[in-house]
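Peer 1: how would this look folded up:
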Amino acid sequence: MNQLKYERIQALRGDFEIMADHGIEKPNFSALAEVYGMDRHTVKKYWEKGGYVGRKQRGSYLDEFEDEIREKVKTVSVTKTALFRFYQKKYPSVFTSYSTFAHWMNDKEILNKKALVAHVRYETPPGKQLQVDWKENLKTILKSGEVIEYNIMSATFGYSRKHIFVFSVGKGMNDFFRCILTILKRAGGMPEEILTDNMSAICNHHTGKLYPEVIQFGNDLGIKIKRCRPKTPETKGKDESANRFVNWLKPYDNELSGIEELIETISEIEKDCNTKTNSTTGLPPDLLFKKEMESLKPLPNKALMDSYIHQIETQVVPSTLLVRYRGSEYSVPPKFIGKQINIVPSDTELYLYHSTTLICVHEITESGRINYREEDYIAGLKQRLPDDVSETSVEEQARQNLALLGSMKERD
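Peer 2: Sure, this is the predicted structure:
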């Protein structure tokens with residue numbers, strides 16, 4: 001099979017998945033045949049053999065998971081795609097076909113079907129545009145019951161649809177600068193322009209103009225920062241599509257142990273959406289980005305980029321797991337002992353990075369405080385205790401030691 005034919009079939013299957021997801025039982029085979037340069041009977045064959053034909057299932061192997069899936073749907077607002085990705089990670093040998101899963105969901109009427117919405121395609125040349133947006137005020141409930149509140153800057157390169165997601169506690173101007181710089185570093189180059197919506201952190205809602213600091217930021221980098229026109233979100237539709245991938249986080253409520261696992265899950269979602277065939281281009285974003293990289297401008301010098309991250313510090317992690325910032329100490333996981341990390345303050349939070357990877361986030365405290373995260377302390381303690389010590393004993397001893405540290409501070 002030649003490459004062009006393979007790409008057309010992949011794109012066709014991508015359209016089929018979208019149609020099946022929205023409950024279309026019989027597409028217009030003639031119209032699809034004209035779009036993809038195929039015989040209508042060939043298109044129909046792919047539809048039928050791909051399992052997209054609506055039909056009642058008897059004794060499906062997915063039935064044993066019905067109660068679990070219904071319970072999950074009760075607790076979170078989620079799409080079929082997000083559910084499938086979640087259960088594909090949880091039971092990889094069972095959840096192998098999205099189309100089978102989608103038809104089973106439709107037959108069980110677990111989620112309502114949605115109508116197709118028309119979107120006019122808007123294409124940009126390679127290296128031209130990066131679309132960015134905040135996915136705001138997200139909340140993930142950990143296994144412990146603790147609620148993590150955060151934001152994600154979602155970025156998409158217009159030509160390749162390459163997605164980059166950056167975790168951020170805050171969403172102020174400094175957070176905008178930091179996230180943009182992280183995105184550019186990870187991409188390895190810069191586009192001609194950045195397109196955003198009317199973020200309150202970067203523009204005056206009364207005048208509709210970007211703040212002078214943001215304009216200067218763009219001028220320093222050599223990138224034009226533009227706002228999408230009011231009431232025309234379709235001009236930023238490629239990144240809005242990326243935001244749908246972020247909804248894959250919703251099923252992970254009560255499934256994760258801490259912020260590290262949350263950040264790892266975000267990274268896995270980013271990887272999934274960049275290796276999945278895009279229904280418009282017919283190719284995975286990672287593949288097309290190899291071509292787009294050739295058109296990106298080189299990054300500015302490191303000193304200029306670092307100047308936009310105020311008071312950045314670099315430290316090597318000691319065996320105590322604690323790095324210092326303004327008289328207080330903050331913990332990182334044991335695996336970073338002996339490694340160099342970057343300490344980046346932003347408003348009331350302290351971001352700790354290894355290279356461009358966010359390790360963890362601490363709340364900045366008054367001078368003299370020792371701030372161990374419980375999970376970091378437990379992991380460090382496990383390395384020093386015999387292997388036959390029970391998990392419960394380790395956790396209990398860790399809590400006692402942390403309580404003593406708190407008492408010592410109070411006596412000071």
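Peer 1: Number of residues surrounding Ile141?
Peer 2: Neighbours of Ile141 under the rule other C-beta atoms under 10 Å: 16. Where you see a C-beta, it was placed from the backbone N, CA and C, and this is true even at glycine.
Peer 1: if I read this right, it contacts Lys250, doesn't it?
Peer 2: No: checked against C-beta atoms under 8 Å, the pair Ile141 and Lys250 is beyond contact range at 10.5 Å.
Peer 1: Verify the stated contact: Ser367 with Arg326.
Peer 2: Yes: proximity of Ser367 to Arg326 meets the contact threshold set by C-beta under 8 Å, at 6.1 Å.
Peer 1: neighbour count winner among these two?
Peer 2: A count of neighbours by other C-beta under 10 Å puts Arg326 above the other of Ser367 and Arg326, at 14 against 8.
Peer 1: List the residues that contact the more buried one.
Peer 2: Contacts here follow C-beta atoms under 8 Å, 6 or more residues apart in numbering; on that basis Arg326 touches 364, 367.
Peer 1: and if you look at Thr320?
Peer 2: By C-beta under 8 Å, 6+ apart, the contact set of Thr320 is Glu329.
Peer 1: tell me the phi and psi of it?
Peer 2: Main-chain dihedrals, Thr320, degrees, to the nearest 10: phi -70, psi -10.
Peer 1: what does Gln129 give?
Peer 2: phi -140, psi 140.
Peer 1: From Leu181, how far out is it?
Peer 2: According to C-beta to C-beta, to the nearest Å, Gln129 stands 18 Å off from Leu181.
Peer 1: tell me which residues of stretch 146-161 are tucked away?
Peer 2: Using 16 or more other C-beta atoms under 10 Å as the test for burial, stretch 146-161 gives 148, 150-161.
Peer 1: before we move on, what about stretch 60-79?
Peer 2: For stretch 60-79, using 16+ other C-beta under 10 Å, the buried residues are 60, 62, 65, 69, 72-73, 76, 78-79.
Peer 1: for it, how far is the first residue from the last?
Peer 2: Length of stretch 60-79, first residue to last, C-alpha to C-alpha, to the nearest Å: 21 Å.
Peer 1: Can you name the residues in contact with stretch 206-215?
Peer 2: 173, 176, 198, 202-204, 225, 227, 230.
Peer 1: hmm, 7 Å instead?
Peer 2: With contacts defined as C-beta atoms under 7 Å, 6 or more residues apart in numbering, stretch 206-215 is touched by 173, 202-204, 225.
Peer 1: Pretty sure Val73 sits against Met105.
Peer 2: No: when contacts are counted by C-beta atoms under 7 Å, Val73 is not listed as touching Met105 (9.4 Å).
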